[in-house]
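S.K.: Would you be able to build a 3D model of this:
(chains A and B)
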Protein chains: 2
Amino acid sequence: MNRIPSSPRVAVVGATGAVGREMFSILEQREFPAASVTAFASARSAGKTIPFRGELLTVEELTAESLNDFDLALFSAGGGTSKRFAPIAAKAGCVVVDNSSAFRMDDDVPLVVPEVNPEALDGHSNIIANPNCSTIQMVVALAPLNKVSRIERIIVSTYQAVSGTGQAAIDELMSQAYTIQAGDDVTPQVYPKQIAYNVLPHIDDFLDSGFTKEEMKMVNETRKILNDQSIAVNATTVRVPVVRGHSESVYIETQTRIGAAKAREVLSASDGIRLVDEPETGGYPVPLDCAGQDDTLVGRVRDDLDAETGLSLWVVADNLRKGAALNAVQIAELLLDR
Amino acid sequence: MNRIPSSPRVAVVGATGAVGREMFSILEQREFPAASVTAFASARSAGKTIPFRGELLTVEELTAESLNDFDLALFSAGGGTSKRFAPIAAKAGCVVVDNSSAFRMDDDVPLVVPEVNPEALDGHSNIIANPNCSTIQMVVALAPLNKVSRIERIIVSTYQAVSGTGQAAIDELMSQAYTIQAGDDVTPQVYPKQIAYNVLPHIDDFLDSGFTKEEMKMVNETRKILNDQSIAVNATTVRVPVVRGHSESVYIETQTRIGAAKAREVLSASDGIRLVDEPETGGYPVPLDCAGQDDTLVGRVRDDLDAETGLSLWVVADNLRKGAALNAVQIAELLLDR
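M.R.: Below you'll find the predicted structure:
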């Protein structure tokens, strides 16, 4: 476990992807006190430039030697790159905040949402995992309620934006919409079926149980972050033709009754949450409202009609910010404070 | 309760709407044995023509006297028109199949899904109600399971197409997509917020409980159709930028365990259902696949990981056909058989 100096040398790995670009914008907006910021990507993207703090950074190719002289590396280049390069960086004394699923379930790797379990950062082996986008926003919304009364079960259906897949998926959605408008046939490439004007109940690979890996991330990561292996989670994860902003229809049951009124009160007083819950006047969150926002938006809080401890919520967040880049930078800020 | 002759004189009320147009196409496809078919709409649409069986029907304005000489009227012109004209028609001896919500919860009005509760047609007062689109496809999928073991609770989140709102909403979605492509600002008219590249957890009006009327339709209509007031239903209904085809993420608990394997077997042997459940090879239903299909498509059947009697399903159907026009014509066919 290396300490990070107060002005760290920072590497951003996967600099040209949808999350990587967001990473630079967040480092700049939050005035992260980096001594230097260096952009890395694969050979294919090396030489591209990225605007940062009024300059243009030239993207460098990531190699085994690249990360020898950094204090902090923000990885967002997929599981393969993380598995290969994060351990090398960690061994060289660089603290890695990794946005892939490669290390999330490892016992010695903290899985951290700063508003929820900052204490998990006590003791790490230089690799810290950023949870999956769909998990992050759900636990931000549920953790304050879990403190009032332990959550026993969660049943969640998601409405996930294509930017979670990356820039190629954004391009595919927009170009399919254009092709359809022109009256031509669509040939899906990034997704197995057309995503424009369609919804796909299929994110990541299917497992023998019939659940997908994305759905199991919501099960396993939620338990690890809330530090409670007994929480029952049933997830259905669905891709929708939205560019940015994941939405989640979340039903929970708690050990004792919280009630919608108290839940609203607790949520509106919690860090990282903005309660948007005045349905009569259009006061409910939608993905278009959350783009570029740091907060997780929560609305449609209501008591179940039958189960005494049942509560429904609608949770929306910017999947590229809180679901990825912002959460990673917030973890880095916590590490600086230590 | 009037009997319908084997070659009835048929009126289609609301002939120029999205569901009305589908009604003509289904009457034609199924070779419904009508002696005559007459198209009615509001004064605004009178004079328009509708192709039917190789001819052009001229739309007539609906007035209090219009329905004196018909045996069967298929209403799909909104609750106001139904409330005003259906009782007049019924009194004149015409049997009305009404697609609005005006009479659905009336004790003397059967609420019928032909595959599920045809027996409800025994004894009526000349008005029969067609359930809401989101309810129909859910009960088609759940009724066969309910026969194996009583369903105790349902937790459902929907992904509903804009055609459920009508033709103006289809036009709004397509024109917003076009406006965005052109780089211009969108001004929502049919929906309270932009629907293109967005999702709205808001269908029909909000009630004090925080649920919407659409959500309560799923509660109350499901109980009436399955003839079981004790079923607990928790619904979150959401509009998505899809033109045609509603999808539903449905979680149920039954009195005793059915299990996914047995559930698949039962579903694939049931009328009106096509099981599409081979996820590894893309075998799951999506709304684009269901347009123009009569069957309700069911996939992603899987056992809950914790609750012994818990089952998840993904249910997709053409909201204009099975969710509206087809179900109404199927009801009419049942009435002819009697």
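S.K.: Need phi/psi at residue A:273.
M.R.: phi -120, psi 140 (degrees, to the nearest 10).
S.K.: hang on, isn't it packed against residue A:142?
M.R.: No - contact criterion Cβ atoms under 8 Å: residue A:273 and residue A:142 do not qualify, at 10.3 Å. For every residue, glycine as well, the C-beta is placed using N, CA and C.
S.K.: Between those two, which is the more surrounded one?
M.R.: The neighbour comparison of residue A:273 against residue A:142 (other Cβ atoms under 10 Å in any protein chain shown) goes to residue A:142, with 26 against 22.
S.K.: Was I right to think the more buried one contacts residue A:253?
M.R.: No - under the criterion of Cβ under 8 Å, residue A:142 is not in contact with residue A:253, lying 11.6 Å apart.
S.K.: joint contacts of these two?
M.R.: residue A:151 (Cβ atoms under 8 Å, 6 or more residues apart in numbering or on different chains).
S.K.: What average pLDDT does stretch A:202-210 get?
M.R.: Stretch A:202-210 comes out with an average pLDDT of 95.
S.K.: for stretch A:121-136, same thing?
M.R.: 95.
S.K.: how about it, does it reach chain B?
M.R.: No - Stretch A:121-136 lies out of reach of chain B by Cβ under 8 Å from any Cβ of the partner chain, never closer than 13.7 Å.
S.K.: list the buried ones in that stretch?
M.R.: Residues A:121, A:124-136 are the ones in stretch A:121-136 that count as buried (16 or more other Cβ atoms under 10 Å in any protein chain shown).
S.K.: Next step: those restricted to helices.
M.R.: Among those, DSSP state H puts A:133-136 in helices.
S.K.: for the residue in the stretch 51-200 of chain A positioned nearest to chain B, helix, strand, or coil?
M.R.: Closest approach between the stretch 51-200 of chain A and chain B, counting by Cβ to the nearest Cβ: residue A:157, at 3.8 Å. Secondary structure, DSSP: H, G, I helix; E, B strand; the rest coil: residue A:157 is strand.
S.K.: Let me know how buried it is, in neighbour terms.
M.R.: Neighbour count of residue A:157, defined by other Cβ under 10 Å: 29.
S.K.: ok, now residue A:189?
M.R.: The burial count for residue A:189: 12, using other Cβ under 10 Å.
S.K.: Could you do residue A:205 as well?
M.R.: Neighbours of residue A:205 using other Cβ under 10 Å come to 10.
S.K.: Now it: closest residue in space that isn't a chain neighbour?
M.R.: residue A:213 (5.1 Å; Cβ to Cβ, 6 or more residues apart in numbering or on different chains).
S.K.: Around chain B, which positions in the stretch 101-250 of chain A sit nearby?
M.R.: Going by Cβ under 8 Å from any Cβ, the residues of the stretch 101-250 of chain A near chain B are A:153, A:155, A:157, A:159, A:174, A:177-178, A:181, A:192-194, A:197-202, A:206, A:209-212, A:219, A:232-234, A:236, A:238, A:240-243, A:247, A:249.
S.K.: What's the local residue count around whatever residue of the stretch 101-250 of chain A ends up closest to chain B?
M.R.: Going by Cβ to the nearest Cβ, chain B is nearest to residue A:210 of the stretch 101-250 of chain A, at 3.1 Å. When counting by other Cβ under 10 Å, one arrives at 18 neighbours for residue A:210.
S.K.: cool, the one 3 residues further on as well?
M.R.: Applying other Cβ under 10 Å, we find 14 residues neighbouring residue A:213.
S.K.: So what are the structural domains in chain A, by residue number?
M.R.: Using automatic domain parsing, the domain ranges for chain A come out as A:9-130+A:324-337, A:135-319.
S.K.: follow-up on the earlier one: in contact with the residue of the stretch 51-200 of chain A closest to chain B, which residues are there?
M.R.: A:235-238, A:248-249, B:157, B:236, B:249.
S.K.: Over to residue A:201?
M.R.: A:236-238, B:247, B:249, B:284, B:286, B:299-300, B:314.
S.K.: Most neighbours of all those, which one?
M.R.: residue B:247 (32 neighbours).
S.K.: doesn't residue B:286 make contact with that one?
M.R.: Yes - the pair residue B:247 and residue B:286 qualifies as a contact (Cβ under 8 Å) at a distance of 7.3 Å.
S.K.: any residues in contact with both of those two?
M.R.: A:199, A:201, B:316.
S.K.: Is it possible to get a markdown table of the residues you listed that adds distance to residue A:16 and secondary structure?
M.R.: Output for the shared contacts of residue B:247 and residue B:286, formatted as a markdown table (distance: Cβ to Cβ, whole Å; DSSP: H, G, I helix; E, B strand; the rest coil):
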| residue | distance to residue A:16 | secondary structure |
| --- | --- | --- |
| A:199 | 29 | coil |
| A:201 | 30 | coil |
| B:316 | 37 | strand |
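S.K.: Pick the one among those residues closest to residue A:188.
M.R.: Proximity of the shared contacts of residue B:247 and residue B:286 to residue A:188 (Cβ to Cβ) peaks at residue A:199, which lies at 13.7 Å.
S.K.: Let me see the backbone angles for that closest one.
M.R.: Reported as degrees, to the nearest 10, the phi and psi values for residue A:199 are phi -130, psi 140.
S.K.: same deal with residue A:151?
M.R.: Backbone torsions for residue A:151, taken as degrees, to the nearest 10, come to phi -80, psi 130.
S.K.: show me the contacts for residue A:95.
M.R.: Counting by Cβ under 8 Å, 6+ apart, the residues that residue A:95 touches are A:2, A:4, A:71-73, A:124, A:126-128, A:335.
S.K.: Please repeat the previous calculation with a cut-off of 10 Å.
M.R.: By Cβ atoms under 10 Å, 6 or more residues apart in numbering or on different chains, residue A:95 lies in contact with A:1-4, A:8, A:70-74, A:89, A:124-128, A:331-332, A:335.
S.K.: quick one: low-confidence ranges for the stretch 151-300 of chain A?
M.R.: A:280 (pLDDT under 70).
S.K.: which residues of it fall in helices?
M.R.: Here the stretch 151-300 of chain A has its helices, by DSSP state H, counting those that start in this stretch, at A:167-181, A:213-225, A:260-268, A:287-290.
S.K.: same for the second one, what does it pack against?
M.R.: For helix A:213-225, the helices and strands in contact under the criterion 3 or more Cβ pairs under 10 Å, 6 or more residues apart in numbering or on different chains; DSSP states H and E are helix A:133-148, strand A:151-159, strand A:232-236.
S.K.: what does the last one give?
M.R.: Helices and strands touching helix A:287-290, by 3+ Cβ pairs under 10 Å, 6+ apart, are strand A:246-254, strand A:296-303, strand A:310-317.
S.K.: Next, the angle from the second one to helix A:133-148.
M.R.: Okay, so that is strand A:296-303. Angle of strand A:296-303 versus helix A:133-148, following axes from the mean of the first three to the mean of the last three Cα atoms, to 10 degrees, is 50 degrees.
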